[in-house]
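**Q** Got a sequence here, can you build the structure:
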Amino acid sequence: MKKILLAVLVFVLVVIASFLVINYGSIKKNVTYNRERGLQDYIKNNDKWKSEPNRIMIPALGVFGKTLYPKTLSEVNKNLNDGILHLPDTSIPGETGNIVYTAHSSALNSSYYSNIFATLNKLKVDDKIYLYKDGQEYKYSVKVQKVITPTKTELEKLPKDNSLILLTCWPLGTDWKRLAIIATPEK
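**A** Below you'll find the predicted structure:
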């Protein structure tokens, strides 16, 4: 039995390694990070996104995307290619409590949102995140990043202090863990 388990483990590792080797160029291209380019993209694209009443903008990364508000977790999973998704059962901007959004970091499709959160790990303390709900602006400052396991228990351990939490699968190309960016409201 141990030999079979070992053979299966080796097979899985070979498949994962092959996937990463075959897709290295695409993954690298999609996650190449340039902070200056992010700021230039912010300036260039800011007007384009102003017409979207529900959106997130992260100038330091050049990340811009519409936010969607599904009612169930199955709707979240179904719509990940269509936007940055608010997790049900978390606060809505303007309410008391943590607000949680999730999006892809490395999905294998050609959607604009397939890797929108790929460079979240490049955020630095005090980088700004702008969240818009129905046109109302909410400004946050990044305070910490954490890598957590993808369980409800781990999410419940995150601070409960009116934070904005951005979640994505981590490391890139896997769904083993989650990268959590925790930002607090600016006064």
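
**Q** what are the ranges of the helices in the chain?
**A** 2-22, 24-31, 35-50, 73-78, 152-157 (DSSP state H).

**Q** average pLDDT for the third one?
**A** So that's helix 35-50. The average pLDDT within helix 35-50 is 59.

**Q** Specify which residues of this protein, grouped into ranges, have pLDDT under the cut-off.
**A** Along the chain, the parts satisfying pLDDT under 70 run over 20, 23-49, 109, 152-153.

**Q** for it, longest strand please?
**A** Across the chain, the longest stretch assigned as strand under DSSP state E is strand 136-148.

**Q** Quick check: buried residues in that one?
**A** Residues 138, 140, 142-143, 145, 148 are the ones in strand 136-148 that count as buried (16 or more other C-beta atoms under 10 Å). For every residue, glycine as well, the C-beta is placed using N, CA and C.

**Q** Which strands or helices does that strand pack on?
**A** Using 3 or more C-beta pairs under 8 Å, 6 or more residues apart in numbering; DSSP states H and E, the elements in contact with strand 136-148 are strand 128-133, helix 152-157, strand 164-170, strand 177-185.

**Q** which residues sit against it?
**A** Contacts with strand 136-148, where a contact means C-beta atoms under 8 Å, 6 or more residues apart in numbering, come from 93-94, 120-121, 123-132, 154-155, 157-158, 163-164, 170, 177-186.

**Q** now these: which count as buried?
**A** For these, buried by 16+ other C-beta under 10 Å: 93, 120-121, 123, 127-132, 155, 158, 163-164, 170, 177-183.

**Q** List phi and psi for His104.
**A** Main-chain dihedrals, His104, degrees, to the nearest 10: phi -70, psi 150.

**Q** Could you measure from it over to Gly65?
**A** Using C-beta to C-beta, to the nearest Å, His104 is found at 10 Å from Gly65.

**Q** Next, show the common contact partners of those two.
**A** 113, 116.

**Q** For the closest residue in space to Glu52 that isn't next to it in sequence, list the residues it contacts.
**A** The shortest distance from Glu52 to any non-neighbouring residue, by C-beta to C-beta, 6 or more residues apart in numbering, is to Lys66 (5.0 Å). For Lys66, the contacting residues are 52, 54-55, 83-84, by C-beta under 8 Å, 6+ apart.

**Q** Just the ones in strands from the residues you listed, please.
**A** Those of the contacts of Lys66 lying in strands (DSSP E): 55, 84.

**Q** between the contacts of Lys66, which is closest to Ile4?
**A** Ile84 (42.0 Å; C-beta to C-beta).

**Q** is it true that that closest one touches His104?
**A** No. Using C-beta atoms under 8 Å, Ile84 makes no contact with His104, being 9.3 Å away.

**Q** and for those two, which residues touch both?
**A** Contacts common to Ile84 and His104, judged by C-beta under 8 Å, 6+ apart, are 113, 116-117.

**Q** State the distance from Val147 to Ser163.
**A** With C-beta to C-beta as the criterion, Val147 and Ser163 are 17 Å apart.

**Q** Good, wrapping up.
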